[in-house]
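*Asks:* generate a structure from the sequence data that follows.
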Amino acid sequence: MSDEKWFVEHFDSAGTAFGLRLKARLEAVQTEYQHIEMWDTDTFGYLMTIDGATMVTSRDNFLYHEMMSHPVLFSHPDPKRVVIIGGGDCGTLREVLRHPGVEQATQIDIDEMVTRLSEKYFPELCESNNDPRAELLFIDGVKWMRECDAGSIDVIIVDSTDPVGPAEGLFKADFFRDCHRVLRDGGIIVQQSESPLLHSVSIIRDLHVNMREAGFTSTQTLPFPQPCYPSGWWSCTMAGKGTDVTRFREKDAAAKPFETQYYTADIHRGALTLPPFMKKALS
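*Replies:* Numbers count the residues shown, from 1 in each chain. All right, here's what the predicted structure looks like:
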């Protein structure tokens, strides 16, 4: 925190930074896995950081949570069982459980403190934690996936932090092979895939390669705005097991029985159309 009471996250590799003016630091907790801090900001509400990196804010989290959940669920023909790897702030879980057809949603985050702090500072994100369809596990998601029964899951949502530390294994081909085995035929995985502007030639392209090497037959990246993340532009990447993730249930998405702040069928359709520089980077 600078003398002017700003939180500033520097992205040295990109030569950029993101900052929020602060009111106060509310908590700082060192867990077995990482250093978590909670801040009260001047214009973005509460801010959670992990090891100095921005994770979630009150003001703009809906963009990420809606795009990590609704595109993949409307791309699957009939999702019943969903697993979320990571997602400890519980916002993605809330969005998943807005879909009445989902019968079970299991959230697996290695660090329980992320969820406990979210319950305190982001209660609106945790309002579905006690839904009878919800299951919260605080264990190693990579190990859980390795041991999960084959053909038992419809949708996997990898709501992870950046590919360093505890989340590094979630970007590897071996993890995607386990996911491919665990998914039923027609199943889909979606992985948060960093900034299209900064990472198309590295992380996003490698994700497509690793997913296809793992056996997935169709892959698609969807970009969306995210002000608090590097470059202000973020993405998720889907991969289908024998299903085309460039198509979705447009009529169902247009008639969804719940409100959203960003996601619509038109937004979904538009996100499937990548700008030329991304097409070139991923070709």
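
*Asks:* quick check: Val158 vs Ala53, distance?
*Replies:* 17 Å (C-beta to C-beta, to the nearest Å). In short, each C-beta sits where N, CA and C put it, glycine included.

*Asks:* comparing the two, which residue is more hemmed in?
*Replies:* Taking other C-beta atoms under 10 Å, Val158 and Ala53 do not tie; Val158 has more neighbours (26 against 16).

*Asks:* excluding residues flanking it in the chain, which one is nearest the more buried one?
*Replies:* Gln191 (4.2 Å; C-beta to C-beta, 6 or more residues apart in numbering).

*Asks:* buried residues, stretch 200-207. List them.
*Replies:* Of the residues in stretch 200-207, 200, 203-207 count as buried by neighbour count, 16 or more other C-beta atoms under 10 Å.

*Asks:* isn't Tyr121 up against Leu26?
*Replies:* Yes: with contact defined as C-beta atoms under 8 Å, Tyr121 reaches Leu26; the gap is 7.3 Å.

*Asks:* for the stretch 151-283 of the chain, what spans make up the strands?
*Replies:* 153-159, 183-192, 218-225, 233-240 (DSSP state E, counting those that start in this stretch).

*Asks:* could you check how far the longest one is from the centre of its chain?
*Replies:* When you say that, I think you mean strand 183-192. 14 Å (C-alpha atoms, centre = their mean, to the nearest Å).

*Asks:* confirm for me that the residue nearest to Val158 is in contact with Thr237.
*Replies:* Yes: judged on C-beta under 8 Å, Gln191 makes contact with Thr237 at a distance of 5.3 Å.

*Asks:* identify the contacts common to the two.
*Replies:* Residues touching both Gln191 and Thr237 (C-beta atoms under 8 Å, 6 or more residues apart in numbering) are 207, 211.

*Asks:* more neighbours: these two, which one.
*Replies:* Gln191 (31 against 22).

*Asks:* sorry, back to before: okay, Tyr121 and Leu26: which has more neighbours?
*Replies:* Tyr121 (22 against 15).

*Asks:* spatially nearest residue to the more buried one (excluding sequence neighbours)?
*Replies:* That would be Tyr46: by C-beta to C-beta, 6+ apart, it lies 4.6 Å from Tyr121.
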